[in-house]
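**Q** My questions concern the predicted model and sequence given below.
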Amino acid sequence: GQQVMQIPQYQHVQEGEDFTTYCNSSTTLSNIQWYKQRPGGHPVFLIQLVKSGEVKKQKRLTFQFGEAKKNSSLHITATQTTDVGTYFCAAKTSYDKVIFGPGTSLSVIP
Amino acid sequence: EADIYQTPRYLVIGTGKKITLECSQTMGHDKMYWYQQDPGMELHLIHYSYGVNSTEKGDLSSESTVSRIRTEHFPLTLESARPSHTSQYLCASSPTYNEKLFFGSGTQLSVL
């Protein structure tokens, strides 16, 4: 079935460094969502991208949707300890199911 | 903040017991989902629903069943729990017009 891949699986950064996670699909996506899950918590919606080449910013977070709508990225500028958690991308399949990528776990070293 | 509730928060039961995990939302969302997640791992879709009397299986094979008799309620039932069912179960809902999922706090199930 349709799959969404995500890299890297883990990322350890020094506080203040930048962080990027990438999401890829073998098929064209109608839209893509990003979620953050803190340790011990549940996923929380961050943003949805719909248009080809779309770029959206939320403070230090920048989200991009590829021109072909098969890939997406989340970039965090100058990470803080509050950014710790797992970042998931998610997409709707052709059957209207919402599937999640495997996630990127971010650790921030103070 | 999302109004979606899951009970119980934690459940420890013995093998062979029948259990029902409750999920309710007060946002009037048509779409609801159940995901299974092991610690630090990805979310696997096990069931979803487009609305009342509509249920579909997800990508991960599951021995659980669901029902959707009312819009706000989407319970998940295991007829005979086994240790392999030990996991966290997350319920979510979304409006008809987009895929912005609101998650409950989850039920951590341990089967001994």
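**A** Sure, I can see it. Numbering: from 1, shown residues only, chains lettered A, B, ... in the order given.
**Q** Only the buried residues of stretch A:7-23, if you could.
**A** A:11, A:19, A:21, A:22, A:23 (16 or more other Cβ atoms under 10 Å in any protein chain shown). In this view, the C-beta of every residue, glycine as well, is placed from N, C-alpha and C.
**Q** Please disregard the earlier target; I meant stretch B:55-68.
**A** Using 16+ other Cβ under 10 Å as the test for burial, stretch B:55-68 gives B:55, B:58, B:62, B:64, B:66, B:67, B:68.
**Q** Tell me the spacing between the closest residue to residue B:65 other than its chain neighbours and chain A.
**A** Leaving aside its sequence neighbours, residue B:65 sits nearest to residue B:77 (Cβ to Cβ, 6 or more residues apart in numbering or on different chains; 5.2 Å). As judged by Cβ to the nearest Cβ, to the nearest Å, residue B:77 and chain A stand 20 Å apart.
**Q** ok, the residue nearest the centre of chain B to residue A:51 distance?
**A** Chain B has residue B:34 as the residue nearest its centroid, 3.4 Å off, counting by Cα atoms, centre = their mean. The gap separating residue B:34 from residue A:51 is 30 Å, by Cβ to Cβ, to the nearest Å.
**Q** Show me where chain B dips below the pLDDT cut-off.
**A** Along chain B, the parts satisfying pLDDT under 70 run over B:1-2.
**Q** interface residues of it facing chain A?
**A** Selection of chain B residues close to chain A by Cβ under 8 Å from any Cβ of the partner chain yields B:33, B:35, B:40-43, B:45, B:48, B:50, B:56, B:58-59, B:90, B:92, B:94, B:98-106.
**Q** Can you tell me which of the residues you listed are buried?
**A** B:33, B:35, B:42-43, B:45, B:48, B:58, B:90, B:92, B:94, B:99-106.
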